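Visitor: Quick check, what structure comes out for this input:
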Amino acid sequence: MSKHKGDAKTFAQQRRKRRQFLTYVRMVRYGVNNFSRNAWLTIAATAVMTVTLTVVFVSLAAHNVLVDTVSEVRNKVDMSIYVKTDTDAKDVKAIQSHLEKLSSVKKVTYVSPEAARADFAQQNASNNSVLSALNEATNQLPGTFRIKVIDINDTRQLEQFVKSDSALKNHLDPSREPSFAGSRRSAIEGIGRVMSFTEKAGLGASILFIAISSLIVFNTIRMAIFNRKDEIQMMKLIGADRSFIRGPFIVEAVVYGIIAGIIASAIGVAALYSTSDNLISYGIVMRGTTDLVSTYGMAVIAGMMIMGALIGIISSLFATQRYLKI
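Guide: Next up is the predicted model:
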């Protein structure tokens, strides 16, 4: 008897699974049919979704480019401490060793007076008057410690070092303040503030554009559902489950998202590469972003398709909620 009950239970479970599978297949079929049934609405919804995903792609790419550019600018900004021309190599080595131990310092490079003179001459190789003045000059350039710090807005450790390090105090050039002091400090801090603000503004703009675009997609899908509200009411009257009523609209929105994801990826990648050379000429760092897209191109397309599908699913769930209420 228990064996027959077990067989009956297994058979019932199989029937239930088969029925669920057939229901799922029908929902997918109805969703695909709805996608192809109304050409103009399909084109409009897909176009809006494409615009949304293109904005997402451009926003994320622009944010990545901005972060790379800000990082590059920060890496080019260094702090300078000037020491007397006659500072010997032993003292230079000791001072450099002390600087490298500071937690806020990434790298320290020492430029000797001779090297500074040679660099200055090379930079002005085409200016004969400057070269003549340099050759006739009796005063020598100071030795310079060029210091790259983790945060260009935080120079407190360097300031304390200049005041307290005994090896440095005896060799500081009295005629030149460190670059993070006096008028030069305000200029460096200004660069740091602009970089930080630009980075945060770029992230904020990306989030704003994504939110606005998602709202447009939601309203477009809601309009598509409104055009078929009589169909939803009829399905409710004949006893269809909410999941079955909602399913075709979700499938339809997923198809919108997948197609839009492919188109948006193509548009975004084309725009990225077509503008890359011009942006590089203005000093904008593009290589990191273009290399990322080249290396993970298929992953980028898959991510855009998944994002489009998710936006479609979420928008459909909210948009159908009103028409599924009893």
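
Visitor: now the strands: where do they sit in the stretch 51-200 of the chain?
Guide: Using DSSP state E, counting those that start in this stretch, the strands of the stretch 51-200 of the chain run over 79-83, 105-111, 143-149.

Visitor: Kindly reformat those as CSV containing mean neighbour count and mean pLDDT.
Guide: All C-beta atoms are positioned from the backbone trio N, CA, C, and that covers glycine. Listed next are the strands of the stretch 51-200 of the chain as CSV, based on neighbours: other C-beta atoms under 10 Å; pLDDT from 0 to 100:
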stretch, mean neighbour count, mean pLDDT
strand 79-83, 22, 85
strand 105-111, 16, 87
strand 143-149, 20, 86
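
Visitor: Save those as TSV, and put in distance to Trp40 too.
Guide: Shown next, in TSV, are the strands of the stretch 51-200 of the chain (distance: least, C-beta to C-beta, whole Å):
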stretch	distance to Trp40
strand 79-83	62
strand 105-111	58
strand 143-149	58
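
Visitor: do you know which of those lies nearest Pro248?
Guide: strand 105-111 (57.4 Å; C-beta to C-beta).

Visitor: Contacts for the closest one next, please.
Guide: Residues outside strand 105-111 that contact it (C-beta atoms under 8 Å, 6 or more residues apart in numbering): 92, 96, 99-100, 119, 143-150, 157-158.

Visitor: Stretch 270-277 now?
Guide: Stretch 270-277 has contacts (C-beta under 8 Å, 6+ apart) with Val58, Ala61, Met286, Thr289, Thr290, Val293.

Visitor: Now the fifth one: closest residue in space that isn't a chain neighbour?
Guide: Spelled out, it's Thr290. Among residues not flanking Thr290 along the chain, Ser276 sits closest, at 5.9 Å (C-beta to C-beta, 6 or more residues apart in numbering).

Visitor: Check what pLDDT that neighbour gets.
Guide: Turning to Ser276, the model gives it a pLDDT of 87.

Visitor: That one: what secondary structure?
Guide: Using DSSP: H, G, I helix; E, B strand; the rest coil, the structure places Ser276 in helix.

Visitor: and it, how many neighbours?
Guide: Residues lying near Ser276 (other C-beta atoms under 10 Å) number 16.

Visitor: what about it, distance to Val285?
Guide: Using C-beta to C-beta, to the nearest Å, one gets 11 Å for the distance from Ser276 to Val285.

Visitor: And for Ile212?
Guide: Distance from Ile212 to Val285, by C-beta to C-beta: 27 Å.

Visitor: Please name the nearest non-neighbouring residue to Val108.
Guide: For Val108, ignoring the flanking residues on the chain, the nearest one in space by C-beta to C-beta, 6+ apart is Leu99 at 4.6 Å.

Visitor: residue contacts, that neighbour?
Guide: By C-beta under 8 Å, 6+ apart, the residues touching Leu99 are Ile81, Val105, Val108, Phe145, Ile147, Phe161.
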